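> just the structure for this:
(one chain, ligands or ions: 1)
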Amino acid sequence: MPLSISCRSFAIVMSEFQPAAWIAASPSRPLRGEIRVPGDKSISHRAIMLAALADGISHVRGFLEGEDTRASVRIFQQLGVRIDTPGDGERIVHGVGIDGLSAPAAALDCGNSGTAMRLLAGLLAAQPFACQLIGDESLSRRPMRRVTEPLAQMGADIRSAEDGRPPLVISPVGRLQGIAYPSPVASAQVKSALLLAGLQAEGETCVREPHPTRDYTERMLQAFGVNIEYRPGFARLRGGQRLAPCDIDVPRDFSSAAFALVAATLVPASDISLHDIGIDPRRTGLLQLLQMMGADIELQNRRQTALGEVASLRVRHAPLNGIEVPMTLVPDMIDEFPVCFAAAACARGTTRIRGAAELRVKESDRIRAMAEGLCALGIAVDETPDGADIHGGLPVGGEVQSLGDHRIAMSFAVLAQCARQPVRIADTANVATSYPGFVAQMQRLGFALQGM
Ligand code: S3P
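Okay, the predicted model is just below:
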């Protein structure tokens, strides 16, 4: 399939792109109230993918109505899967079986979503048709070799653009071979891509990780009837298994809850509750870190669900102290570093982050984006290749750039609640990828935040 298709689609995406900005008046009044943040992004993607491959109908509730997860829905519709939307946050997926997908007529647009592109690379590498995975400007800069190289070892034929970047052009190759792969990166996306390819491969596929990552793919494959062996840092399955349909209740996303969590910690006299949040230990490193820094966070109504433990988080204001972030926590809070920078900016003393070079290849270079924004707001930051020293203080007002990165935009909206003067946050449109309704929900808690 010619690469020019991706360029044409990309031009359309760019021409439709609406820059947006927020203005945060400050200081914020105390944050009060109770909210339910949107559904978990990682689980929502996987629910659509596995349900599409199942033999029969699966009902997904609590689905994240974000641009990223909707891109996954559109892609499976292009692959011939009927997906109905009976209501907000609900999908009924008419699974076609692991051998029932059909060749798409156009390129598959993953938008801003690294999870969609990397998992789909594995899932589609074994299919008997060609296809092309494309993404927006940010996704087109992100490294894909971490999945294409092990998939090539399994026999896949995936071509990429320069430096292993998207678009990815996948050609059919017949049966893949299972692989025993010691992954050099702690990445749930890499592990998941290989397991989804392994499910369709000859023999056994086994992935070992340098640090355990979120195990949603493993848990969910099991819920869909796949025989899989897994424990922290290890997963193994045999190819040739079929998936049975399964109804999924998606817990609410800790990564989205993290913004209100940090804001209520920082703004004096705040007291909020965040309900039904997934508190899987592989996701909640930030919770531990904030508690070590002095935060007052209580876990209430803890209960087990098929997709791990959920709880309500009650958060009251507490002053924070700077800290050396334990390296062992880094993978468990990988998506929360932008808001961790915001917390550190208001903490007493210096917060030292190391071992987080992965942040440079997320939706933006998150170390650079946060360091530049904090400096613009008068907070001193010493950047290093794999982290930063953030010297806590009192942020002034000013203008910061989100670089089209949802989590950067939301983290500055949090920090702005503590700034002495108004903060303008540019380029916020991509917040819709993971947290539709962010501004309205934060306003309800008492954020001084307006769209412009
Ligand atoms: C994700 C895994 C993580 C995370 C991303 C979602 C997933 O990425 O940062 O937001 O759903 O598997 P890596 O696998 O690159 O660590």
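> quick check, residue 451 in contact with residue 20.
Yes. Assessed by Cβ atoms under 8 Å, residue 451 is found in contact with residue 20 at 6.6 Å. The C-beta positions use only the backbone N, C-alpha and C, and glycine is treated the same way.
> what touches both of those two?
Counting by Cβ atoms under 8 Å, 6 or more residues apart in numbering, the contacts common to residue 451 and residue 20 are residue 428.
> neighbours of residue 368, how many?
Residues near residue 368, counting by other Cβ atoms under 10 Å, number 14.
> ok, now which ones touch residue 62?
39-40, 44, 89, 248-252.
> top of those residues by neighbour count?
Top of those by neighbour count (other Cβ under 10 Å): residue 40, with 31 neighbours.
> one step back: more neighbours: residue 451 and residue 20, which one.
Neighbours were counted for residue 451 and for residue 20 using other Cβ under 10 Å; residue 20 has more, 18 against 10.
> how close does that one get to residue 111?
Using Cβ to Cβ, to the nearest Å, residue 20 is found at 16 Å from residue 111.
> what's the closest non-adjacent residue to residue 152?
residue 158 (6.7 Å; Cβ to Cβ, 6 or more residues apart in numbering).
> name the element residue 291 belongs to?
helix 285-293 (DSSP states H and E).
> swap that for residue 217, please
helix 216-223.
> same deal with residue 337?
In the assignment (DSSP H and E), residue 337 maps to helix 337-345.
> so how far is the next helix or strand after that helix from its chain's centroid?
As assigned by DSSP H and E, the chain's next helix or strand after helix 337-345 is strand 350-353. Distance, stretch centre to chain centre, for strand 350-353: 24 Å (Cα atoms, centre = their mean, to the nearest Å).
> cool, and stretch 249-260?
Worked out by Cα atoms, centre = their mean, stretch 249-260 lies 11 Å from the chain centre.
> ends of that stretch, what's the gap?
One end of stretch 249-260 sits 23 Å from the other (Cα to Cα, to the nearest Å).
> how about the helix holding residue 291: buried residues?
By 16 or more other Cβ atoms under 10 Å, the buried positions in helix 285-293 come out as 285-290, 293.
> and which of those is nearest the ligand?
Nearest to the ligand among these: residue 285, at 11.8 Å, using Cβ to the nearest ligand atom.
> tell me how this protein divides into domains.
In terms of domains, the chain is parsed into 3-38+251-450, 41-249 (source: automatic domain parsing).
> nearest to the ligand, out of those?
domain 41-249 (3.2 Å).
> what is the end-to-end distance of that closest one?
Span of domain 41-249 from end to end, Cα to Cα: 13 Å.
> that domain near the ligand anywhere?
Yes. Shown here: domain 41-249 in contact with the ligand (Cβ under 6 Å from any ligand atom) through 42, 115, 187-189, 192, 214.
> for residue 231, phi and psi?
phi -150, psi 170 (degrees, to the nearest 10).
> count the residues that sit near it.
With other Cβ under 10 Å as criterion, residue 231 counts 10.
> please apply the same query to residue 393.
Count around residue 393 with other Cβ under 10 Å applied: 15.
> which residue is the nearest non-sequential neighbour of it?
Computed as Cβ to Cβ, 6+ apart, the closest residue to residue 393 that is not its neighbour in sequence is residue 379, at 5.4 Å.
> strands along the stretch 201-350 of the chain, start to end?
For the stretch 201-350 of the chain, strands defined by DSSP state E, counting those that start in this stretch occupy the ranges 201-202, 204-208, 228-231, 234-238, 248-249, 271-278, 296-305, 308-316, 350-353.
> low-confidence ranges in this protein?
Counting by pLDDT under 70, the chain contains low-confidence ranges at 1-19.
> just to check, residue 232 is in contact with residue 215?
Yes. With contact defined as Cβ under 8 Å, residue 232 reaches residue 215; the gap is 7.5 Å.
> so which of these two has more stuff around it?
Each of residue 232 and residue 215 had its neighbours counted (other Cβ under 10 Å), and the higher figure belongs to residue 215 (23 against 12).
> dump the residue contacts of the residue lying closest to the more buried one once chain neighbours are set aside.
Closest residue to residue 215 apart from its sequence neighbours, by Cβ to Cβ, 6+ apart: residue 230 at 6.1 Å. Neighbouring residues of residue 230 by Cβ under 8 Å, 6+ apart: 215, 218, 236.
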